[in-house]
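*Asks:* With the sequence up front, the predicted model follows.
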Number of protein chains: 2
Amino acid sequence: MIPRIMSRTPPHPTREQIELPLVLDCLSDPIRLAIVYQLAQQERVSSELCCGDFNGLAGKSNLTYHFAKLRDCGLMQTRVAGTNRFMRLRREDLDARFPGLLDAVLKSAAKDADRLQLVAECDVVEAD
Amino acid sequence: MIPRIMSRTPPHPTREQIELPLVLDCLSDPIRLAIVYQLAQQERVSSELCCGDFNGLAGKSNLTYHFAKLRDCGLMQTRVAGTNRFMRLRREDLDARFPGLLDAVLKSAAKDADRLQLVAECDVVEAD
DNA sequence: CCCTATGTTCAATGTTTATTGAACTATCGA
DNA sequence: TCGATAGTTCAATAAACATTGAACATAGGG
């Protein structure tokens, strides 16, 4: 049996490798849009969140799947710390690559927060 | 045998029915993004294009499929005129619903025009 | 050192998607 | 009225996608 390695930082695309269609496709999924939205709100505070902070959105293994997609398209970065993985938006890279895009999407999402069942700004607190 | 009707204007969503995830999903397909991009360039001129103007992008029946998706999500409008169907971007509705979004996507696409194999501004002329 | 918490991997599942080509509908002009 | 032109519909297909649960890996605390 080949042991599988899980403890290393997964690969991320470089800034230049970020592709518009992949980014848009990532953002088109309601769960991933909610993840990105939540990460964007966190930017004002500590800028990082860990997997468990999104448990309300889907099951654990399903979240892992969505995190991988968000990472692969360059929307977010994962940092491994002990048994936790901390994520943050790759805002600088996104803004450099596609100026105004992320903000336009986030503003649009905010406008439809109800419809999209997004967490309100003050709800972004850890659940017990 | 039930005769199928093809000559009536297909249904379009109202402005309020336009949904962010559907719009982003539509724009995430390279062929549809190219269609939208080309329609956006046409805005400066006659604002309308017909199906045949996109024949370079895919086969006819495949284009019909993509047009339907673009219509269903509210990105474009179809007007039936004789044996032609004229399309235009629903810019006003889009801008009202998600301010800045369409322009941000178009600007991002323009930046990657090469990578996305989009027609240059002056190339938007009918092929013989 | 074991137990628990955190998160990943993998295989299986059912759904949606994009793409074809062939058959069809509809309109226009000669 | 016939033929050409423009585009749609439908069925088939293969690929990609989202979701699940069970098994696993990893690190930290008693």
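*Replies:* Good, I have the coordinates.

*Asks:* what helix or strand is the residue nearest to the spatial centre of chain A on?
*Replies:* Residue closest to the average C-alpha location in chain A (CA atoms, centre = their mean): A:Val36, at 4.2 Å. Secondary structure assignment for A:Val36, by DSSP states H and E: helix A:30-42.

*Asks:* Check A:Arg88 too.
*Replies:* strand A:84-89.

*Asks:* hmm, who's touching stretch A:17-31?
*Replies:* A:32-33, A:36, A:57-58, A:62, A:66, A:69-70, A:72-75, A:93-94, A:97-98, A:101, A:105, A:116-117, B:21-22, B:24-25, B:27-30, B:33, B:105, B:108-109, B:112, B:115-116 (CB atoms under 8 Å, 6 or more residues apart in numbering or on different chains). Where C-beta positions appear, they are placed from N, C-alpha and C, glycine not excepted.

*Asks:* how does it look with 6 Å?
*Replies:* Contact with stretch A:17-31 is made by A:32-33, A:57-58, A:66, A:69-70, A:73-75, A:97, A:105, B:21, B:24-25, B:27-28, B:30, B:108, B:112, as judged by CB atoms under 6 Å, 6 or more residues apart in numbering or on different chains.

*Asks:* just how off-centre is the strand holding A:Arg88 within its chain?
*Replies:* Mean-position distance between strand A:84-89 and its chain equals 8 Å (CA atoms, centre = their mean, to the nearest Å).

*Asks:* does DNA strand D sit close to it?
*Replies:* No: residues of strand A:84-89 contacting DNA strand D under CB under 7 Å from any atom of the strand: none, with a closest distance of 8.5 Å.

*Asks:* Could you check the angle that strand makes with helix A:30-42?
*Replies:* 80 degrees (axes from the mean of the first three to the mean of the last three CA atoms, to 10 degrees).

*Asks:* Give me the sheet partners of strand A:84-89 and which way each runs.
*Replies:* strand A:49-50 (antiparallel), strand A:76-81 (antiparallel) (DSSP bridges).

*Asks:* For DNA strand D, find the nearest of those.
*Replies:* For DNA strand D, the closest of the strands paired with strand A:84-89 is strand A:76-81, at 7.6 Å, according to CB to the nearest atom of the strand.

*Asks:* Can you mark which positions in that closest one are buried?
*Replies:* A:76-78 (16 or more other CB atoms under 10 Å in any protein chain shown).

*Asks:* first vs last residue of stretch A:46-64, how far apart are they?
*Replies:* One end of stretch A:46-64 to the other measures 22 Å (CA to CA, to the nearest Å).

*Asks:* quick one: average pLDDT of it?
*Replies:* Average pLDDT, stretch A:46-64: 94.

*Asks:* residues making contact with that stretch?
*Replies:* With CB under 6 Å, 6+ apart as the contact definition, stretch A:46-64 has outside contacts at A:31, A:34-35, A:42, A:84-88.

*Asks:* same thing but at 8 Å, please
*Replies:* A:31, A:34-35, A:38-39, A:42, A:66-67, A:79, A:84-89, A:126-127.

*Asks:* chain center to it: distance?
*Replies:* Per CA atoms, centre = their mean, the centroid offset for stretch A:46-64 relative to its chain is 9 Å.

*Asks:* Please look at A:Thr78 and A:Thr9 and confirm they touch.
*Replies:* Yes: counting by CB atoms under 8 Å, A:Thr9 is a contact partner of A:Thr78 at 6.8 Å.

*Asks:* For A:Arg8, which three-state class applies?
*Replies:* With DSSP: H, G, I helix; E, B strand; the rest coil as the basis, A:Arg8 sits in coil.

*Asks:* Surely it touches A:Thr78?
*Replies:* No: taking contacts as CB under 8 Å, A:Arg8 lies outside contact range of A:Thr78: 10.6 Å.
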